[in-house]
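In: following is a predicted model, sequence given first.
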Amino acid sequence: MRLLTLAGLIMVATVLPGFARAEITFEGSLDGPTVGSDSPATGEATLVLNDDQTEVAFTITYSNLVGDEIAAHLHSAPPGTFGPIVFELPLGTPKNGVWEIPAQRVQSLLDGHIYVVIHSDAYPAGEIAGWVSAIEVPVDPTAWTGVRNLFHEETR
């Protein structure tokens, strides 16, 4: 009976989209002081690294830019320092897309060394910016890990 139950759980876990996920979510707030501007603009960034660690889905929004947006990028450097551009972002808000992250940038993302900069004609060096860092997402008890742990408890 337990084998049949486990087989059913495996089938459910593989059929339901997003059921068995090991993605890592990163979030960050964007503001002017981060890049030394006095802009009242603010924004938010959410990046999700897939379980294969090959793609990062992003959603980035902002409001109240003083100038017109002229460029937006992901950069790599530890918090409080500035580094090179690693990915060009589309103009406008919201910014939704996927970054095919190079293997050598995955550790930078995991270490919190990726940040967003929104450039405007009023602040060409950057109107708002912010580092993203991993957030802890509560494990849904119906996620595969939870199901596996429940089954593992039964067999002890």
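Out: Everything's here; your move. Numbering: from 1, shown residues only.
In: which element follows the helix or strand of the chain with the lowest mean pLDDT toward the C-terminus?
Out: Lowest on mean pLDDT, DSSP states H and E among the helices and strands of the chain sits helix 2-15, with a mean of 37. The element immediately downstream of helix 2-15 (helix or strand, assigned by DSSP states H and E) is strand 24-31.
In: buried set for that next one?
Out: For strand 24-31, a neighbour-count test (16 or more other CB atoms under 10 Å) marks Ile24, Phe26, Gly28, Leu30, Asp31 as buried. In short, each C-beta sits where N, CA and C put it, glycine included.
In: what sits against the residue most central in space within the chain?
Out: Closest residue to the average C-alpha location of the chain: Leu47 at 1.4 Å, with CA atoms, centre = their mean. With contacts defined as CB atoms under 8 Å, 6 or more residues apart in numbering, the neighbours of Leu47 are Thr25, Phe26, Glu27, Val56, Ala57, Phe58, Trp99, Leu109, Ile114, Val132.
In: let's see 7 Å
Out: Residues counted as contacts of Leu47 (CB atoms under 7 Å, 6 or more residues apart in numbering) are Phe26, Val56, Phe58, Val132.
In: secondary structure element for it?
Out: strand 42-49.
In: show the average pLDDT along that strand.
Out: Here strand 42-49 scores 97 as its mean pLDDT.
In: okay, the angle between it and strand 24-31?
Out: Interaxial angle of strand 42-49 relative to strand 24-31 (axes from the mean of the first three to the mean of the last three CA atoms, to 10 degrees): 160 degrees.
In: that's a helix at Gln104, yeah?
Out: Yes - the assignment for Gln104 by DSSP: H, G, I helix; E, B strand; the rest coil puts it in a helix.
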